[in-house]
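Peer 1: Build the 3D model from these lines:
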Amino acid sequence: MKKMDSGVTAAIGFQAAGGSVGIKQGNVKDMALLYSIVPCVVAGTFTSNIIKAAPVKWDQHIVYDCEAAQSVVCNSGVANACTGEEGYRCCMETAKIAAEVLKIPEDSVLVASTGVIGQQIPIDKIIEGIRMLAPLLSNSREAGSSAAQAIMTTDTRQKEIAVSVEIGGKIVTIGAMCKGSGMIYPNMCTMLSFLTTDGDISKAMLQEALSEVVKDTYNMVSVDGDTSTNDTVLLLANGLAGNPMITKKDRDYQKFVDALYEVNTILAKKIAGDGEGATTLFEVKIIGAQDREQAVVLAKSVITSNLIKTAIFGHDANWGRILCAMGYSGAKFDPEKVDLYLESSAGRLQIIKNSVAIDYSEEEATAILSEPEVKVLADLKQGKAEATAWGCDLTYDYVKINAAYRS
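Peer 2: You can find the predicted model right below:
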């Protein structure tokens, strides 16, 4: 597997464009267009919130009921959530215009939005944007980067990655862009992720692969404990790499899944590290668990604790808060056998053994927790299962950003 300095346009046959259409104030990019030169099989996963934005409902229809997809239209600034029938009609109109401009079927156009909930989409600006962006579509690195910038809201930086892997004697590439910074909580979060691949894979196997990977990547991220109305992950595969079609869970399928997992793990960590107001990427790894479910519950409980997140911000090795969060998680484990470690580029330090503090240096612990990426590792010593979750510290700026979000 090879990591590439690229993004959503890395795979053969995919083009992108991004620009400003006036949805946001100021001359900032707020609309992206993604296009495949041939139809794609498509897979998707969506928010677990029962209040689903209009684009989520539209995309579920395309993913579940239609044969192929070929384009994605995404705007930032307005979420098109809680907008009733008018909001859904905007999705239909968006797909209609994109289909006309790109000369593809309406039911092959996916739609995504992110931003403020409750506002109606300025459909005239969306239509203008489609017509403006279509001639700019390109497979260049710059075009992919421009699209990644256009889908950002409170993100401080664009999030892109691509990897390539040999499958069936052919080089298969997976490229991706995503956005996410706040209203982030497992399962799924205020995030949009668009993945492209030139791999040849059946629709059933594509959905299987995405669903398998999402549970260990995006569903293990938390910034603030809020689950959005718009969460969408879309994976388009156009088959242009020319590998033998993947139709079953064989060695080729596993290589594809491994590459997909790498892409989405990197993006998940980018989201967590760019949490609103964050100064630290915070990783929690549970090892020695009886089964994966136990490890997942414990990792999520620690990563979502506001008391722990504030301790990370203060570079304070307050390990009691970590044990406390594990204890109220609902998972059953032996509370007298936990070993706990802190890790970062500054070193590794054990701070408790069998749930009791050992003689460690507070100064060394503070130094470890002062790095931009820190890890808590908890060993239950009960089995071989493990799980990892990602989050960030909780800072003053998180409150400032969200107190003024609409103003």
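Peer 1: pretty sure residue 34 is in a strand, no?
Peer 2: Yes: the assignment for residue 34 is a strand, going by DSSP: H, G, I helix; E, B strand; the rest coil.
Peer 1: was I right about it contacting residue 194?
Peer 2: Yes: between residue 34 and residue 194 there is a contact at 6.0 Å, judged by CB atoms under 8 Å. All C-beta spots, glycine's among them, are computed from the backbone N, C-alpha and C.
Peer 1: And the two? Which one has more around it.
Peer 2: When residue 34 and residue 194 are compared on other CB atoms under 10 Å, the one with more neighbours turns out to be residue 34, at 30 against 27.
Peer 1: Enumerate the beta-bridge partners assigned to the more buried one.
Peer 2: With DSSP bridges as the criterion, residue 34 is bridged to residue 16, residue 72.
Peer 1: Please list all residues in contact with it.
Peer 2: With contact set as CB atoms under 8 Å, 6 or more residues apart in numbering, residue 34 has these partners: 8, 14, 15, 16, 71, 72, 73, 74, 147, 194, 196.
Peer 1: Let's see the PyMOL selection covering just the buried ones among these.
Peer 2: Paste this into PyMOL to select the buried members of the contacts of residue 34, with burial taken from 16 or more other CB atoms under 10 Å:
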select buried, resi 8+14+15+16+71+72+73+74+147+194+196
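Peer 1: Which parts of the stretch 51-200 of the chain are helices?
Peer 2: Listed in chain order, the helices of the stretch 51-200 of the chain (DSSP state H, counting those that start in this stretch) span 54-65, 84-102, 123-133, 141-150.
Peer 1: Would you mind writing the CA trace of the longest one as PDB?
Peer 2: This file holds the C-alpha atoms of helix 84-102, laid out as PDB (Å, rounded to 0.1, in the frame of the first residue of the first chain):
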ATOM      1  CA  GLY A  84     -39.500  20.400   5.000                       C
ATOM      2  CA  GLU A  85     -40.800  19.700   1.500                       C
ATOM      3  CA  GLU A  86     -39.100  22.800   0.100                       C
ATOM      4  CA  GLY A  87     -35.700  21.400   1.200                       C
ATOM      5  CA  TYR A  88     -36.300  18.100  -0.500                       C
ATOM      6  CA  ARG A  89     -37.500  19.900  -3.700                       C
ATOM      7  CA  CYS A  90     -34.100  21.800  -3.700                       C
ATOM      8  CA  CYS A  91     -32.300  18.500  -3.800                       C
ATOM      9  CA  MET A  92     -34.400  17.400  -6.700                       C
ATOM     10  CA  GLU A  93     -33.800  20.700  -8.500                       C
ATOM     11  CA  THR A  94     -30.100  20.400  -7.800                       C
ATOM     12  CA  ALA A  95     -30.000  17.000  -9.300                       C
ATOM     13  CA  LYS A  96     -32.000  18.100 -12.300                       C
ATOM     14  CA  ILE A  97     -29.700  21.000 -13.200                       C
ATOM     15  CA  ALA A  98     -26.500  19.000 -12.600                       C
ATOM     16  CA  ALA A  99     -27.900  16.200 -14.800                       C
ATOM     17  CA  GLU A 100     -28.600  18.700 -17.600                       C
ATOM     18  CA  VAL A 101     -25.200  20.400 -17.400                       C
ATOM     19  CA  LEU A 102     -23.200  17.200 -17.000                       C
END
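Peer 1: what's the neighbour count on residue 282?
Peer 2: The burial count for residue 282: 27, using other CB under 10 Å.
Peer 1: Is it in a helix, a strand, or coil?
Peer 2: Using three-state DSSP, the structure places residue 282 in strand.
Peer 1: wait, doesn't it sit right on residue 395?
Peer 2: No: taking contacts as CB under 8 Å, residue 282 lies outside contact range of residue 395: 11.8 Å.
Peer 1: List of residues touching stretch 251-261?
Peer 2: Taking CB under 8 Å, 6+ apart as the rule, stretch 251-261 contacts 1, 163-168, 172, 174, 195, 199, 201, 205, 209-210, 212-213, 216-217, 235, 243-244, 246.
Peer 1: Listing request: residues of this protein with sub-threshold pLDDT.
Peer 2: Along the chain, segments meeting pLDDT under 70 span 181-190, 223-229, 404-407.
Peer 1: Relative to its centre, which residue of it is most distant?
Peer 2: Most distant residue from the mean C-alpha position of the chain: residue 359, 39.2 Å away (CA atoms, centre = their mean).
Peer 1: Then that residue would be within a helix, right?
Peer 2: No: using three-state DSSP, the secondary structure at residue 359 is coil, not a helix.
Peer 1: State the phi and psi torsions of it.
Peer 2: Here is the backbone geometry of residue 359 (degrees, to the nearest 10): phi -80, psi 100.
Peer 1: about what we covered before: could I get the contacts of residue 34 as a markdown table with distance to residue 273?
Peer 2: What follows is the contacts of residue 34, written out as a markdown table (distance: CB to CB, whole Å):
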| residue | distance to residue 273 |
| --- | --- |
| 8 | 20 |
| 14 | 26 |
| 15 | 29 |
| 16 | 24 |
| 71 | 30 |
| 72 | 25 |
| 73 | 28 |
| 74 | 22 |
| 147 | 21 |
| 194 | 20 |
| 196 | 23 |
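Peer 1: Pick the one among the contacts of residue 34 closest to residue 304.
Peer 2: Distance to residue 304, by CB to CB, is smallest for residue 194 among these, at 26.3 Å.
Peer 1: Quick check: buried residues in stretch 133-149?
Peer 2: 133-134, 137-139, 141, 143-149.
Peer 1: now stretch 323-334
Peer 2: Going by neighbour count (16+ other CB under 10 Å), the buried part of stretch 323-334 is 324, 325, 326, 329, 331, 333.
Peer 1: just checking, which of those belong to strands?
Peer 2: Per DSSP state E, strands hold no members of the buried residues of stretch 323-334.
Peer 1: tell me which of the residues you listed is nearest to residue 57?
Peer 2: Ranked by distance to residue 57 (CB to CB), the buried residues of stretch 323-334 are led by residue 329 at 33.0 Å.
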